[in-house]
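# Model the following, please.
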Amino acid sequence: MTESYGRLMIDFEGKNLSNEDKFLFSNKHIGGLILFSRNFDSYDQLNNLVNEIHTIKENIIIAVDQEGGRVQRFEKEFTKIPSMNQASLFAKKNNDPEFIKDLAWLVSSELIAAGIDINFAPVLDINRNISSIIGDRSFSNDIAEVIKNTSTYIDGMHEAGMKSTGKHFPGHGNVIEDSHIELPIDERELNDLMNTDIKPYTELKDKLDVIMCAHILFSSVDNKIPSFSNIWINDILRNKINYKGLIFSDDLSMQGSGNQSLASKVRMSFDAGCDMVIICNNRIGVKEVIYHLDETEVEQSEKISEIKSSKKINWNDLLNDKRALATKEKLKNFKELK
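Purely as a prediction, here's the structure:
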């Protein structure tokens, strides 16, 4: 029997769970937790934390942003990951296309061994050296390179037993502003976007398990950001691109998502077609959203169960794994490339 999951993914403050955390996580609307550096101290601590979470609720997705470079939440005892731009340059310079797949497999295997269900990666954005927040998180400024390398990275994730998340749909590489602190506006027409930033999504639609929406206003397409937009989610992503996987909002506490109440943002996201929404750094807002969802009787989702990791990997076995050791050896010789 397929389990149902709540459709809110939230965060918490510490390396241990408070009584309030435990009470909140048991709520039927909470179906996911996203972990940050503040929740991490060591592999043992993380593994114990995950086990404690699962004693409270088994049907919960535990997620992290472990992209590499500037965005790596778990560092101590975990492999130091280069940015994806650097990984791409390294693979090209050394004529080693398998490096990206092996790197994705290693990163994913370490996370699974620690009890993490999903890594919000890879970044599908095109790096035009414009965005203040994307930059070297992107594989390349070349669309074909982004498609090739993200496809290879997803293969490595899947080989390890982890689902993939393409972000930030439909593309964050063409705006200067950081959507964490303001709303970027991209004025390009849909045809232009389909032939550029959206191309990785159309090419990889059958490989992507999750697509995360960007908090950007594409003013020539709709007057709503993608997470709130029936045009973006249903007309374009579901019907035009024919994407069948899960759709997540980015963090609805980000300033780029607007100044409406969190309850209103969550309702707009669900109405537009998001399967799960993320809310970080706003515990009071989360409680208000739960109250709102109780009042409006929002149903849980069985589809979210598709990204729950069923693979078991032993951390100590991974430390001695030949593929892991070979990949780590390559990373020892890793130098910043341009």
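# Which SSE is immediately downstream of the lengthiest helix in the chain?
Assignment by DSSP state H gives helix 143-160 as the longest helix of the chain. Once the chain leaves helix 143-160, the next helix or strand it forms, by DSSP states H and E, is strand 165-169.
# contacting residues around the next helix or strand after that following strand?
Remark: after strand 165-169, the chain's next helix or strand is strand 185-186, criterion DSSP H and E. Outside of strand 185-186, the residues within contact range by Cβ atoms under 8 Å, 6 or more residues apart in numbering are 171, 174-175, 193, 216-219. (C-beta placed from N, C-alpha, C; glycine too.)
# same thing but 10 Å
Defining contact as Cβ atoms under 10 Å, 6 or more residues apart in numbering, one finds that strand 185-186 is touched by 170-175, 177, 192-193, 197, 214, 216-221.
# what pairs with it, and is each one parallel or antiparallel?
Here strand 185-186 has these sheet partners by DSSP bridges: strand 217-218 (parallel).
# on that earlier part again, pull out the buried members of the contacts of strand 185-186.
Neighbour-count burial (16 or more other Cβ atoms under 10 Å) applied to those gives 170-175, 177, 193, 197, 214, 216-218, 221.
# Which of those residues sits closest to residue 89?
Nearest to residue 89 among these: residue 173, at 17.1 Å, using Cβ to Cβ.
# And the closest one, how far from residue 34?
23 Å (Cβ to Cβ, to the nearest Å).
# Local confidence estimate at residue 132?
Residue 132 carries a pLDDT score of 78 in this model.
# can you give me phi and psi for it?
With angles defined as degrees, to the nearest 10, residue 132 sits at phi -80, psi -20.
# same question, residue 28
According to degrees, to the nearest 10, residue 28 has phi -60, psi -20.
# Spatially nearest residue to it (excluding sequence neighbours)?
residue 6 (5.6 Å; Cβ to Cβ, 6 or more residues apart in numbering).
# give the contact list for that neighbour.
Counting by Cβ under 10 Å, 6+ apart, residue 6 touches 25, 27-32, 57, 59-61, 276, 290, 293, 298-301, 304.
# Show the buried residues in the residues you listed.
Applying 16+ other Cβ under 10 Å to the contacts of residue 6, the neighbour count classes 25, 27-32, 57, 59-61, 276, 290, 293, 298, 300-301, 304 as buried.
# Which of the residues you listed fall in strands?
30-32, 61, 276 (DSSP state E).
# Need those residues in a markdown table (columns: pLDDT and distance to residue 315).
Listed next are those as a markdown table, based on pLDDT from 0 to 100; distance: Cβ to Cβ, whole Å:
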| residue | pLDDT | distance to residue 315 |
| --- | --- | --- |
| 30 | 97 | 27 |
| 31 | 98 | 26 |
| 32 | 98 | 23 |
| 61 | 98 | 20 |
| 276 | 98 | 28 |
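# and of those residues, the nearest to residue 11?
residue 32 (9.9 Å).
# Assign a three-state SS to the residue nearest to the closest one when sequence neighbours are not counted, would you?
Leaving aside its sequence neighbours, residue 32 sits nearest to residue 9 (Cβ to Cβ, 6+ apart; 3.2 Å). Three-state assignment for residue 9 (DSSP: H, G, I helix; E, B strand; the rest coil): strand.
# which residues touch residue 9?
Residue 9 is in contact with 30-34, 60-63, 248-249, 251, 276-280, 304, counting by Cβ under 10 Å, 6+ apart.
# who touches residue 263 in this structure?
Contacts of residue 263 by Cβ under 10 Å, 6+ apart are 285, 288-293, 295-296.
# Off-centre distance for stretch 192-212?
Relative to its chain's centre, stretch 192-212 lies at 15 Å (Cα atoms, centre = their mean, to the nearest Å).
# quick one: average pLDDT of that stretch?
What stretch 192-212 shows for mean pLDDT is 98.
# Same question for stretch 278-287.
The pLDDT scores in stretch 278-287 average 96.
# Then stretch 162-178?
Stretch 162-178 comes out at a mean pLDDT of 93.
# so where is the chain shaky, pLDDT-wise?
1, 336-338 (pLDDT under 70).
# Work out which residue lies at the spatial centre of it.
With the centre of the chain defined as its mean C-alpha position, the nearest residue by Cα atoms, centre = their mean is residue 120, 2.2 Å away.
# ok, it touching residue 208?
No. Under the criterion of Cβ atoms under 10 Å, residue 120 makes no contact with residue 208, lying 12.0 Å away.
# Quick check: neighbours shared by these two?
Shared contacts of residue 120 and residue 208, defined by Cβ under 10 Å, 6+ apart, are found at 164-167.
# who wins for neighbours among those?
The most crowded member of the shared contacts of residue 120 and residue 208 is residue 164, carrying 28 neighbours; neighbours defined as other Cβ atoms under 10 Å.
# what about the residue nearest to that one when sequence neighbours are not counted, neighbour count?
Excluding the flanking residues, the one nearest residue 164 by Cβ to Cβ, 6+ apart is residue 154, at 4.4 Å. Burial of residue 154 is recorded as 24 neighbouring residues (other Cβ under 10 Å).
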